[in-house]
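Visitor: build me a model from this:
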Amino acid sequence: MKRAVITGLGVVSPIGNTIEEFWDNIVNGRHGFTLAQWFPEQSEEKNVYADVKDFDPGEYIEKKERRRIDVMTQYAVYAAKKALEDSGSDFKDLDPYRCGVIIGSGIGGLHTTNEQIPVYHGKGNGRVSVFTIPMMIGNMAAGTVAIKTGFKGVNYCPVSACSSGAHAVGEAFRAIKYGNADVVLAGGSEACRLGFAFAGFNNMHAITKSADVNRASIPFDKDRSGFVLGDGAGVLVIEEYEHAKARGAKIYAELAGYGATCDAYHETSPDPGGEGGARAMELAVQEAGVPKEQINYINAHGTSTQLNDRTETAAVKLAFGEQAKKLVMNSTKSLTGHLLGAAGGVESIAVCLQMKNGLVHATAGLQNDDPECDLDNCKGENRKMEITGAVSNSLGFGGHNVSLCFLPVKD
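Guide: Model (predicted):
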C-alpha cells in the first residue's frame, strides 16, 4: 500500500483567500461574520452570514469565461490553482492519467439555478442560457479544474451534503493508497449566498437566531442557536509519499485513515446515540494503524446547532472511551461558519496547518459551557501542543458521517 501526504493547500473562505491570511486569522481568532439583509423586498431584518471577501478569480479565469462558470466552480478553480502553487509543482513529470481531481459540492451551481428559473418562467424557454446545465451541475468544479490543469485521471464529485468535501478527500486518499493515482486535487466548493438558500435553512430552524456576529457561531456553548451559513472552497494536493519525498516537497501531514458510515436514521437529524459518527472515527483510526491514545486532537464538525454538538460529543466518547477526556477538540466553524460541501476541505486545511505549526486554535465565541458537551473544547485561548494524531469529522444531511485521520510525517 502507498502512503498519502498533503503537499499543497488552497482556500477561498470568509477568513481569507490565501493560506497566509487564512492562518493569520485563525491564530488571532478573527471570524468572518457580517450582518446581511437577505430579503430587502420583504423585511429590513439583518442576519449573520459568513461571506467570502475580496474574491478575484481573474488570475485564473478570464472575464468572458466567468460568464459561463458558476461561482461555485470559480471558487474551486482558484483554490486548486493556489494549492498547486503551494505544492511547488505542476506535476508535468507524471503521466496525466495518474493525476486526478475529486471535488465535492453539496448543492452545486445554485447561483445559476436561482438566476435561470425566473428567466424560464418570466421570459420563456427560448431565453434560458445555453450554459445553464453545465453551470448548475455539481461535477463541473472537478471537470473545470481538470481542464485548467490537464489532469486526466480519476475525476468526479461526491455529493453528500455537508460531508461532500471530506468524502472527496477520503476518496482521493484511497486512490493514492491503492496505487490508482500519484497525485489528486481534492476538497469541496460551495456558493450559497442567496436568499433562497438562506430561507431554506432558516425555515428548518438550522440558522443561528443571533444578530450578534460575536455570538452567532458558538459551537458547544449552551446558548448556541444554529449555524452561520457561509461560502468557500478548500482544495488539497494529496500526493504519493515517495514522489513527494523524491522532489523535496514541503509536507504538511500524512493522511492515513478514512472512515465513512451512515446513520440510516433521519433526513436531517443525526442519530442521537452517535453510533454512526463513532464508527466512522474508529474506522479512520484503525486504518491509520495507530492506537487511539495517539489521537490527541479532533477537529469537530461542530456546527453550533443544539443537536449536532451534543450528538458529536456523545460519538467522540463512544469512539475513544477514556481517551476522550484527554483529547483537545475545537470547531473551525466558530471562525468560518458552515461552508456546507466545502467544509470538509477547508477544515482539513485547518488541521494540516495546526499540525504543522503545533497549535490548536480556540473555539471562538465559546463562553458558557454546555454540560452535555463536556469535553475539552479548547475554550478561551489557543493551545500550543504537538499534535500526535488528529481526526477531522464531517457530518451531512442524510446521515452521512466522514472521519479523516491525519498524522505527522515520519519516515
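Visitor: quick check: which ranges of the stretch 151-300 of the chain have low pLDDT?
Guide: In the prediction, the stretch 151-300 of the chain carries no residues with pLDDT under 70.
Visitor: just give me how far stretch 393-406 sits from the chain centre.
Guide: Chain-centre distance of stretch 393-406: 10 Å, with Cα atoms, centre = their mean, to the nearest Å.
Visitor: same check, this time on stretch 121-139
Guide: 28 Å.
Visitor: let's number from 31 now, not from 1
Guide: Sure, I'll start counting at 31 from here, so that last one is stretch 151-169.
Visitor: could you give me the buried positions within it?
Guide: Applying a neighbour-count criterion of 16 or more other Cβ atoms under 10 Å, one finds Ser159, Thr162, Pro164, Met165, Met166, Ile167, Gly168, Asn169 buried in stretch 151-169. (C-beta placed from N, C-alpha, C; glycine too.)
Visitor: disregarding residues adjacent in the polypeptide, which is nearest to the second one?
Guide: Closest residue to Thr162 in three dimensions, ignoring its sequence neighbours and counting by Cβ to Cβ, 6 or more residues apart in numbering: Gln146, at 4.8 Å.
Visitor: before we move on, what about the first one?
Guide: Nearest in space to Ser159, with sequence neighbours left out and distances taken as Cβ to Cβ, 6+ apart, is Gln146 at 6.0 Å.
Visitor: so how far is Ala221 from the one you found?
Guide: According to Cβ to Cβ, to the nearest Å, Gln146 and Ala221 sit 15 Å apart.
Visitor: higher neighbour count, those two?
Guide: Ala221 (31 against 19; other Cβ atoms under 10 Å).
Visitor: now the more buried one: phi and psi?
Guide: phi -140, psi 100 (degrees, to the nearest 10).
Visitor: can you pull out the helices in the stretch 181-330 of the chain?
Guide: Taking DSSP state H, counting those that start in this stretch as the criterion, the stretch 181-330 of the chain carries its helices at 194-207, 225-233, 271-276, 305-318.
Visitor: quick check: which of the ones you listed is nearest to Glu89?
Guide: Nearest of the helices of the stretch 181-330 of the chain to Glu89, taken as Cβ to Cβ: helix 194-207 at 22.5 Å.
Visitor: so which elements touch that closest one?
Guide: Contacts defined by 3 or more Cβ pairs under 8 Å, 6 or more residues apart in numbering; DSSP states H and E place helix 194-207 against strand 34-42, strand 129-134, strand 213-220, strand 262-270, strand 283-292, helix 373-387, strand 420-426, strand 430-437.
Visitor: between strand 262-270 and it, find me the angle.
Guide: Using axes from the mean of the first three to the mean of the last three Cα atoms, to 10 degrees, the direction of helix 194-207 lies 10 degrees away from that of strand 262-270.
Visitor: how close does Gly426 sit to Leu124?
Guide: For Gly426, the distance to Leu124 - Cβ to Cβ - is 32 Å.
Visitor: the more surrounded of those two?
Guide: Neighbour comparison, Gly426 and Leu124: the larger count goes to Gly426, with 27 against 18 (by other Cβ under 10 Å).
Visitor: and the more buried one, what does it touch?
Guide: The contact partners of Gly426, by Cβ atoms under 8 Å, 6 or more residues apart in numbering, come to Gly136, Ser190, Ala191, Cys192, Ser193, Ser194, Val432.
Visitor: check Gly374 too.
Guide: With contact taken as Cβ under 8 Å, 6+ apart, Gly374 is in contact with 134, 192-199, 217-218, 264, 422, 424, 432, 434.
Visitor: switch the cut-off to 6 Å
Guide: Taking Cβ atoms under 6 Å, 6 or more residues apart in numbering, we find Gly374 in contact with Gly195, Ala196, Gly218, Ser424.
Visitor: ok, it to Ala263 distance?
Guide: Gly374 sits 11 Å away from Ala263 when distances are taken as Cβ to Cβ.
Visitor: now Tyr288: closest residue in space, sequence neighbours ignored.
Guide: Gly200 is the one closest to Tyr288 (Cβ to Cβ, 6+ apart), at 3.7 Å.
Visitor: neighbours around the one you found, how many?
Guide: Around Gly200 there are 30 residues (other Cβ under 10 Å).
Visitor: keep only those of the buried residues of stretch 151-169 that are in helices.
Guide: Thr162, Pro164, Met165, Met166 (DSSP state H).
Visitor: now the residues you listed in CSV, with pLDDT?
Guide: Shown next, in CSV, are these (pLDDT from 0 to 100):
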residue, pLDDT
Thr162, 95
Pro164, 95
Met165, 96
Met166, 96
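Visitor: now, among these, which is nearest to Glu74?
Guide: Nearest to Glu74 among those is Met166, at 31.0 Å by Cβ to Cβ.
Visitor: roughly how far apart are the closest one and Ala345?
Guide: If you go by Cβ to Cβ, the gap between Met166 and Ala345 works out to 34 Å.
Visitor: what does Asn326 give?
Guide: Taking Cβ to Cβ, one finds Asn326 at 17 Å from Ala345.
Visitor: more crowded one of the two?
Guide: Each of Asn326 and Ala345 has its neighbours counted (other Cβ under 10 Å); Ala345 has more, 29 against 17.
Visitor: helix or strand: which one has the more buried one?
Guide: Assigned by DSSP states H and E, Ala345 belongs to helix 336-350.
Visitor: helices and strands around that helix, which ones?
Guide: helix 305-318 (3 or more Cβ pairs under 6 Å, 6 or more residues apart in numbering; DSSP states H and E).
Visitor: what do you get if the cut-off is 10 Å, keeping everything else the same?
Guide: If you count contacts as 3 or more Cβ pairs under 10 Å, 6 or more residues apart in numbering; DSSP states H and E, helix 336-350 packs onto helix 305-318, strand 327-329, strand 358-360, strand 420-426, strand 430-437.
Visitor: would you turn those into JSON lines with distance to Gly62?
Guide: Listed next are the helices and strands packed on helix 336-350 as JSON lines, based on distance: least, Cβ to Cβ, whole Å:
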{"stretch": "helix 305-318", "distance to Gly62": "26"}
{"stretch": "strand 327-329", "distance to Gly62": "17"}
{"stretch": "strand 358-360", "distance to Gly62": "16"}
{"stretch": "strand 420-426", "distance to Gly62": "19"}
{"stretch": "strand 430-437", "distance to Gly62": "23"}
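Visitor: rewinding a little: can you pull the residues that touch both of Gly374 and Ala263?
Guide: Between them, Gly374 and Ala263 share these contacting residues under Cβ atoms under 10 Å, 6 or more residues apart in numbering: Gly195, Gly217, Gly218.
Visitor: before I go, just wanted to say thanks for your time.
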